[in-house]
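Q: Dropping a prediction and its sequence here:
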Amino acid sequence: MKKLNIGIVGTGFIAGILAPAIQSSKNARLAAVSSRTLAKAEDFVANYPGAVAVEGADRLIARDDIDAIYIATPTAAKEDVASRALADGKHVLIEKPLYSAESFKRLSAVARENGLVLMDATHLVHHPRTAAMRQRFAELIGTPRSLQTMFYFPFSDRENIRFDPTDEPMGAVGDMAWYAMRAVVEYLAPETLEDIKVFAERDTKPGAVIRATGVLKFDGDKTATFDVGYTAGAAVMDLTVAGTSGILTQDDFVLDWQSGFGFDNPDIPTGFIHRSGMATRTDLTFIETPTRKSQHGLMIENFARLILDGNAAEREAWLEATSRTQAFLDAIWREIQSQG
Ligand SMILES: NC(=O)c1ccc[n+]([C@@H]2O[C@H](COP(=O)([O-])OP(=O)(O)OC[C@H]3O[C@@H](n4cnc5c(N)ncnc54)[C@H](OP(=O)(O)O)[C@@H]3O)[C@@H](O)[C@H]2O)c1
């Protein structure tokens with residue numbers, strides 16, 4: 001089988017998570033890594049035999065032995081790198097969030113024009129649990145109408161890009177409400193946003209948003225609430241989808257405890273909980289959704305498959321999901337900005 005040659009732009013935290021997943025993929029290989037500083041790229045590739053160290057994204061993009069670029073830079077730098085990669089005929093896997101829906105629209109236009117794949121790097125949508133839950137909605141909960149998410153992890157490193165509005169303009173909203181909005185897209189699938197209210201807390205020093213809570217009202221009486229941030233002193237990844245005849249919940253919706261990065265607990269099965277009627281805690285049913293590899297490993301495989309064998313409709317579906325997620329995120333951000 002042909003393997004897709006992937007080059008990574010950036011040598012930071014998430015690049016270090018994805019590199020081994022690329023290297024061990026059945027249909028992709030890590031061909032090169034670029035850094036703004038050659039020595040950092042050299043250090044990074046030392047762990048990946050066969051991968052070349054390159055100075056600067058431009059030199060990486062220009063290489064003939066690269067089919068696709070994984071962009072693992074801060075959000076402020078993403079469109080610039082992605083637009084140059086797409087213009088040069090390279091497929092792109094881009095980290096979430098995007099700078100804005102407008103930014104993603106410009107990138108999608110170039111991807112379509114050049115017949116290239118453009119996919120965002122949200123891991124959870126590649127776990128078989130996401131599709132399994134959607135497929136069982138009608139049987140287990142009727143029509144999904146209300147979605148509630150809570151995503152916190154303790155984080156206070158003010159030197160990190162998350163606390164620098166120049167690098168990550170939306171702070172915790174871009175970092176974490178992204179997943180809340182992706183869950184809205186995957187599980188509620190609304191057409192239009194009709195109303196929104198958001199409360200945000202900023203860090204006193206750099207002004208970055210470090211916590212946000214909000215409620216969104218969509219067409220068809222669908223509603224979503226989200227609560228995200230770095231400030232609760234514990235990790236929580238709760239999701240509840242309430243339908244017309246039952247409720248489904250997950251307690252690890254962003255990174256499954258079993259094999260999502262940051263966790264490695266083979267004995268904690270991944271799945272979702274079903275309840276209906278006047279059930280107590282002891283009546284709940286856990287529905288397991290096993291996976292043969294981590295959700296970020298599956299993301300690499302799916303990205304490569306989309307390039308090697310995918311059709312236009314599939315490529316369009318990925319663009320659409322990103323575009324909708326970012327549009328809801330932008331609405332949250334506009335609401336926060338309107339409050340000064
Ligand atoms: N999908 C996920 O699960 C997930 C998880 C974590 C983070 N993320 C997202 O990934 C992005 C990066 O996060 P991170 O935690 O990996 O950050 P990070 O550790 O700071 O890494 C970012 C890397 O990008 C490069 N870089 C920094 N500033 C740049 C600039 N102005 N122009 C070009 N390159 C620049 C740097 O590499 P060099 O110095 O080598 O150039 C840096 O190491 C964020 O947007 C974040 O939201 C996604």
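A: That came through fine.

Q: CA only for contacts and neighbour counts going forward, please
A: OK.

Q: so is the residue of the chain most remote from its centre in a helix, a strand, or just coil?
A: Within the chain, Met278 marks the point farthest from the mean C-alpha position, 35.0 Å out by CA atoms, centre = their mean. Classification of Met278 by DSSP: H, G, I helix; E, B strand; the rest coil places it in coil.

Q: One more: Gly214?
A: Assignment for Gly214 (three-state DSSP): strand.

Q: What sits closest to it if chain neighbours are left out?
A: Val198 (4.1 Å; CA to CA, 6 or more residues apart in numbering).

Q: Now that neighbour, what are its backbone angles?
A: phi -140, psi 140 (degrees, to the nearest 10).

Q: Would you check that it makes contact with Ile332?
A: Yes: counting by CA atoms under 8 Å, Val198 does reach Ile332; the two are 6.7 Å apart.

Q: who has more neighbours, those two?
A: Ile332 (26 against 19; other CA atoms under 10 Å).

Q: that older thread, return every residue with contacts to both of Val198 and Ile332.
A: Listed as contacting both Val198 and Ile332 by CA atoms under 8 Å, 6 or more residues apart in numbering are Gly214.

Q: Which single residue of the stretch 151-300 of the chain approaches the ligand most closely?
A: Ranked by CA to the nearest ligand atom, the top residue of the stretch 151-300 of the chain for proximity to the ligand is Asp175, at 4.7 Å.

Q: What residues does that residue make contact with?
A: With contacts defined as CA under 8 Å, 6+ apart, the neighbours of Asp175 are 96-97, 162.

Q: quick one, phi psi at it?
A: phi -70, psi -40.

Q: Equivalent analysis for Gly50, please.
A: Residue torsions, per degrees, to the nearest 10, at Gly50 are phi 100, psi -20.

Q: Wait, it touches Val33, no?
A: No: counting by CA under 8 Å, Gly50 sits too far from Val33 to count as a contact (10.9 Å).

Q: ok, the two, which is more surrounded?
A: Val33 (30 against 13).

Q: Tell me the strands beside the helix or strand hosting that one, with direction?
A: Element membership for Val33 (DSSP states H and E) is strand 28-35. According to DSSP bridges, strand 28-35 forms sheet pairs with strand 4-9 (parallel), strand 52-55 (parallel).

Q: Throw the ones you listed into JSON lines and include mean neighbour count, thanks.
A: As requested, those are arranged in JSON lines below (neighbours: other CA atoms under 10 Å):
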{"stretch": "strand 4-9", "mean neighbour count": "27"}
{"stretch": "strand 52-55", "mean neighbour count": "22"}
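
Q: out of these, which comes closest to Thr249?
A: Thr249 lies closest to strand 4-9 among the strands paired with strand 28-35, at 34.9 Å (CA to CA).

Q: contacting residues around whichever helix or strand comes after the closest one?
A: Using DSSP H and E, the helix or strand that follows strand 4-9 in sequence is helix 13-23. Contacts to helix 13-23, defined as CA under 8 Å, 6+ apart, come from residues 6, 8, 28-30, 48, 72, 261, 296-297, 300.

Q: Let me see the backbone angles for the residue positioned nearest the centre of the chain.
A: Central residue of the chain (CA atoms, centre = their mean): Thr122, 2.2 Å from the mean position. Main-chain dihedrals, Thr122, degrees, to the nearest 10: phi -80, psi 120.

Q: That one and Lys96 touch, don't they?
A: Yes: with contact defined as CA under 8 Å, Thr122 and Lys96 form a contacting pair (6.7 Å).

Q: For this structure, give me the ranges with low pLDDT.
A: For the chain, the stretches with pLDDT under 70 are 1.

Q: Up against the ligand, what does it have?
A: Residues of the chain that fall close to the ligand, judged by CA under 6 Å from any ligand atom: 10-15, 35-36, 40, 72-75, 77, 95-97, 121-122, 161, 175.

Q: List buried residues within those.
A: 10-11, 15, 35, 40, 72-75, 77, 95-97, 121-122, 161, 175 (16 or more other CA atoms under 10 Å).

Q: Would you enumerate the residues in contact with Ala62?
A: The contact partners of Ala62, by CA under 8 Å, 6+ apart, come to Asp88.

Q: Ile14 and Leu329, how far apart?
A: Distance of Ile14 to Leu329, given as CA to CA, to the nearest Å: 21 Å.
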